[in-house]
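Undergrad: no sequence on hand, only this structure:
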Ligand code: GLV
Ligand code: GLV
């Protein structure tokens, strides 16, 4: 029997022929339609492979139902680098392999971090709203002045692949780069990225821009809350292109209202796709709909990479981006 593959949401075209070559593909190809948890629970059991997105919650209940069905689920390919939407421990216990798409989106996401940083510092979105509203009556010495990016201090929380590429971009702007990470980088890497290791508290106290580039896990839940925001400078900005729940979004709203910090650039939200309503009417925030990796080239590469993991397993090879090799039986 050919393996049965379920693709939960519309993905770049390049993904499908690779899957069709090794199995029978059922796919949600309706533009913009995201299946609910219940719909996924109805549809997923009885497939060998699940190709999913960060919009799908792959919890123990779903995995158990898929493991008990015939054919049983063998692998979940997440078309994302982050995999906090998947209960990997439950999957491992059920011998279900999990794969992600690391590396290919790092530069593209670092580009967006920098884009958000520039946009919030120089009030780019706010200025465009001003112009579009017909308020531009001529060049003004005081018009829409913002903060300098060049020579400012950038604090990177999470110095993985993406964090390092943000540091690389910062060096072109002559920024001073501080970083905090679960482990310190080797000295030669610190030199290469011109980055200084500091405690989280020192990073928050000294940085003009604080960028979150860490993975979301129980340990990073609300990593930035009221206390941390209080440590930041009143002139500083918070940028998050990683995962929303690392920031206590209600505390952030209060900090922005009180002037505890100057502004925020957010590509991700605590209860995505919901956004704290107060944020929507603030001028000192830039809000984006989770587009960190959204370039044509990168999304195509992520899409084929997720397919390649399924193809490898279906061809009895080790999936190249396996996160839980213990699950392979
Ligand atoms: C997207 O947010 C990803 O983790 O790739
Ligand atoms: C992305 O590829 C990361 O894990 O930093």
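TA: Great, that's in hand. On a predicted model such as this, the values are computed, not experimentally measured, just so you know. Numbers count the residues shown, from 1 in each chain. Ligands and ions are numbered 1, 2, ... in the order given.
Undergrad: the residue in the stretch 101-250 of the chain positioned nearest to ligand 1: how many residues sit nearby?
TA: Nearest residue of the stretch 101-250 of the chain to ligand 1, counting by Cβ to the nearest ligand atom: residue 105, 5.6 Å away. Placement of C-beta: from N, CA and C, glycine included. Residues near residue 105, counting by other Cβ atoms under 10 Å, number 24.
Undergrad: with residue 26 instead?
TA: Using other Cβ under 10 Å, residue 26 has 15 neighbouring residues.
Undergrad: enumerate every residue touching it.
TA: By Cβ atoms under 8 Å, 6 or more residues apart in numbering, residue 26 lies in contact with 4-7, 43, 47.
Undergrad: from residue 6, how far off is it?
TA: From residue 26 across to residue 6, the span is 5 Å (Cβ to Cβ, to the nearest Å).
Undergrad: now do the same for the residue nearest the centre of the chain: helix, strand or coil?
TA: Closest residue to the average C-alpha location of the chain: residue 242 at 3.8 Å, with Cα atoms, centre = their mean. Assigned with DSSP: H, G, I helix; E, B strand; the rest coil, residue 242 falls in the coil class.
Undergrad: next: the one 10 residues further on.
TA: When the structure is split into helix, strand and coil by three-state DSSP, residue 252 lands in helix.
Undergrad: pretty sure it is touching residue 237, no?
TA: No. Look at residue 252 against residue 237 with Cβ atoms under 8 Å: they stay out of range, at 11.5 Å.
Undergrad: residue contacts, residue 315?
TA: By Cβ under 8 Å, 6+ apart, residue 315 lies in contact with residue 22.
Undergrad: let's see it at 10 Å
TA: Going by Cβ atoms under 10 Å, 6 or more residues apart in numbering, residue 315 touches 21-22.
Undergrad: before we move on, what about residue 199?
TA: By Cβ under 10 Å, 6+ apart, residue 199 lies in contact with 178, 180, 205.
Undergrad: from ligand 2, how far off is it?
TA: Residue 199 sits 21 Å away from ligand 2, going by Cβ to the nearest ligand atom, to the nearest Å.
Undergrad: per-residue confidence for that residue?
TA: As predicted, residue 199 sits at a pLDDT of 98.
Undergrad: list phi and psi for it.
TA: phi -70, psi 160 (degrees, to the nearest 10).
Undergrad: equivalent analysis for residue 154, please.
TA: phi -110, psi 130.
Undergrad: not counting its neighbours along the chain, what's nearest residue 85?
TA: Excluding its sequence neighbours, the residue lying closest to residue 85 (Cβ to Cβ, 6 or more residues apart in numbering) is residue 54, at 5.2 Å.
Undergrad: circling back to that earlier point, and the buried ones among the contacts of residue 199, selectable in PyMOL?
TA: Entered in PyMOL, the line below selects the buried ones among the contacts of residue 199, by 16 or more other Cβ atoms under 10 Å:
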select buried, resi 178+180
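Undergrad: what count of nearby residues applies to residue 241?
TA: Residue 241, neighbours per other Cβ under 10 Å, totals 27.
Undergrad: so it sits against residue 110, correct?
TA: Yes. At 8.5 Å, residue 241 and residue 110 qualify as touching, with contact defined as Cβ atoms under 10 Å.
Undergrad: overlap of the contact sets of the two?
TA: Overlap between the contact sets of residue 241 and residue 110, as judged by Cβ under 10 Å, 6+ apart, is given by 162, 166, 211, 213, 292.
Undergrad: tell me the pLDDT at residue 1?
TA: On pLDDT, residue 1 comes in at 89.
Undergrad: thanks again, I'm all set now.
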